[in-house]
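1. Give me a model of this one.
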Amino acid sequence: MATFVLVHGGGHGGWCYRSVARILRAAGHDVATPTLTGLGERAHLLSPDIDLDLHIHDVVSVLHYDDLRDVVLVGHSYGGMVITGVADRVPDRIGDLVYLDAATPVDGESLVDVAGPMMRVAREFGTTVDGVELVLLPDADQVAIRYYGVTDPETSAWMADRLTPHPWKCFEQPLRLTNRAALGAIPQSHIVCTSTLATRDPDLMAKARAAGRLWDIDTGHDLMITEPQAVADALLEIATH
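-> Predicted structure coming up:
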């Protein structure tokens, strides 16, 4: 039995892994789908203090208080920033790192550094509420369909009901790594969208492919929603690698 911790991306919450978690649990595995502070059902905790470090601490706390070890830690999109930081802080608790069409930062990089053009567009359509600069404002047409790659109207409407704005501070804060040797020793896998494969670090992708740790799925960015079975199948394979 494996333990999966599935970390969502910007503007989402643990809810986005509903179908993937159901498949993994049906296969007999433990699954946690934490929601980061200020998002999803924790949107009422929105404050100017929310940044990347706090979101890393969110997940580290889940691992500590639930006493989770040898975890398959999965991060989608912005969640790649978070899981990299988590693995740096508590490498002894992580068995595998899985980047789900996610950012793959190095020390000193922010999401703005990793995905600059996309982040600039997101900021153009942002707003400020109670001193917090917010981006990825929910909108069924512009976000769920165009940005996240969800085209089914029913699914798009379901998402629009649950998407929440994301504090910009999280995206511009650089990731600081202090335990790079231990982080580098953790096996890494990559599940990416076919359309984004060509834009990714070719050396990183070649290394993952050579190790049998690269999967590409022909769907939109929110692949855990649009192709949950394919994502779950890849995760189950990783857990037995």
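
2. pLDDT below threshold where in this structure?
-> The model of the chain has pLDDT under 70 over residues 140-145.

3. which phi and psi does the residue of the chain most remote from its centre have?
-> Checked against the mean C-alpha position of the chain, the extreme residue using Cα atoms, centre = their mean is D130, at a distance of 26.3 Å. For D130, the backbone dihedrals are phi 50, psi 40 (criterion: degrees, to the nearest 10).

4. ok, now which ones touch the nearest residue in space to L63 that is not next to it in sequence?
-> The shortest distance from L63 to any residue other than its chain neighbours is 4.9 Å, reached at R93 (Cβ to Cβ, 6 or more residues apart in numbering). C-beta coordinates here come from the backbone N, C-alpha and C atoms, glycine included. Remark: with contacts taken as Cβ atoms under 8 Å, 6 or more residues apart in numbering, R93 is in contact with 63, 68-71.

5. So which of the residues you listed is surrounded by the most neighbours?
-> Compared across those, V71 has the highest neighbour count, 25 neighbours, by other Cβ atoms under 10 Å.

6. ok, that residue touching G95?
-> Yes. A contact is recorded between V71 and G95 when judged using Cβ atoms under 8 Å, the distance being 5.9 Å.

7. This protein: strands as residue ranges?
-> 3-7, 30-32, 71-76, 94-100, 127-129, 132-135, 166-167, 188-193, 214-217 (DSSP state E).

8. Which of these sits closest to I225?
-> With Cβ to Cβ as the criterion, I225 lies closest to strand 71-76 of the strands of the chain, at 9.8 Å.

9. What's the local residue count around M1?
-> Other residues lying near M1 total 7 when counted by other Cβ under 10 Å.

10. Ok, T199 next?
-> Count around T199 with other Cβ under 10 Å applied: 10.

11. Please name the residues that touch M1.
-> Under the criterion of Cβ under 8 Å, 6+ apart, the contact list for M1 reads 28-30.

12. cool, and P165?
-> For P165, the residues meeting the contact criterion (Cβ under 8 Å, 6+ apart) are 11, 126-127, 129, 134-138.

13. and the residue farthest from the centre of the chain, what does it touch?
-> Under the criterion of Cβ under 8 Å, 6+ apart, the neighbours of D130 are 46, 48.

14. Tell me how far it lies from M81.
-> For D130, the distance to M81 (Cβ to Cβ, to the nearest Å) stands at 24 Å.
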